[in-house]
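[1] I'll drop the sequence and a predicted model, then ask my questions.
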Amino acid sequence: MQYWLVKQEPEDYAWSAFAKDGHSSWTGVRNYQARNNLRAMSKGDLVFYYHSGEEKQVVGIAQVDKPAYPDPTAKEGDWSSVDLVPIKAVVQTVTLKEIKADNVLKEMLLVRNSRLSVVPVSKAQFEKLLKLSMTSV
């Protein structure tokens with residue numbers, strides 16, 4: 001089992017819309033490092049859903065339903081997408097400020113490379129985020 005975090009502007013695709021849809025193809029990633037992270041995902045991996053933009057907070061937990069396949073929205077280049085399903089909203093959102101203040105979480109790639117939209121999360125970081133969000137899976 002691997003753990004991940006995906007970022008999304010809530011104006012573009014909020015957690016509430018994702019939860020209502022019940023499934024989404026994660027397309028449109030056009031950064032090589034993020035693409036490689038998508039390609040490393042396996043069916044069943046757990047994924048934190050993070051609202052970027054003004055909110056900057058973890059809002060939900062999803063799961064990889066289908067591992068990487070060619071991104072159907074790519075007109076050129078070698079891009080990938082995955083399919084995600086929502087598992088549940090977190091009980092308590094976890095803000096970027098809280099993440100940066102925590103000794104375990106401040107080392108997350110989310111903090112060190114804030115422009116990256118798909119990042120790996122270590123098991124210790126995943127467990128810490130679960131604890132802070134008062135959520136279980």
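    Yes, it's here. Residues are numbered from 1 along each chain as shown.
[2] kindly list the longest strand within the protein.
    Across the chain, the longest stretch assigned as strand under DSSP state E is strand 80-95.
[3] pLDDT on that one, on average?
    Mean pLDDT, strand 80-95: 98.
[4] can you give the distance of the helix or strand following that strand from its chain's centre?
    Sequence order places helix 96-101 as the next helix or strand after strand 80-95, per DSSP states H and E. The gap between where helix 96-101 is centred and where its chain is centred comes out at 16 Å by Cα atoms, centre = their mean, to the nearest Å.
[5] nearest residue to residue 89 other than its sequence neighbours?
    Sequence neighbours aside, residue 60 is the residue nearest to residue 89 in space, at 4.8 Å (criterion: Cβ to Cβ, 6 or more residues apart in numbering). For glycine as for every other residue, the C-beta is placed from the backbone atoms N, C-alpha and C.
[6] flag every buried residue along the helix or strand containing that neighbour.
    Take DSSP H and E as the rule and residue 60 turns out to sit in strand 57-70. Neighbour counts over strand 57-70 (16 or more other Cβ atoms under 10 Å) mark 57-62, 64, 67-68 as buried.
[7] pretty sure the residue nearest to residue 89 is touching residue 48, no?
    Yes: the pair residue 60 and residue 48 qualifies as a contact (Cβ atoms under 8 Å) at a distance of 7.5 Å.
[8] coming back round to it: the longest strand of the chain pairs with which strands?
    Here strand 80-95 has these sheet partners by DSSP bridges: strand 24-26 (antiparallel), strand 57-70 (antiparallel).
[9] now for the helix or strand following the shortest one, which elements pack on it?
    Sequence order places helix 32-40 as the next helix or strand after strand 24-26, per DSSP H and E. Judged by 3 or more Cβ pairs under 8 Å, 6 or more residues apart in numbering; DSSP states H and E, helix 32-40 is in contact with strand 80-95, strand 118-121.
[10] can you point out the buried residues in the least confident helix or strand in the chain by mean pLDDT?
    The least trusted helix or strand in the chain, going by mean pLDDT, DSSP states H and E, turns out to be helix 109-112, with a mean of 92. Within helix 109-112, the residues that count as buried by 16+ other Cβ under 10 Å are 109-110.
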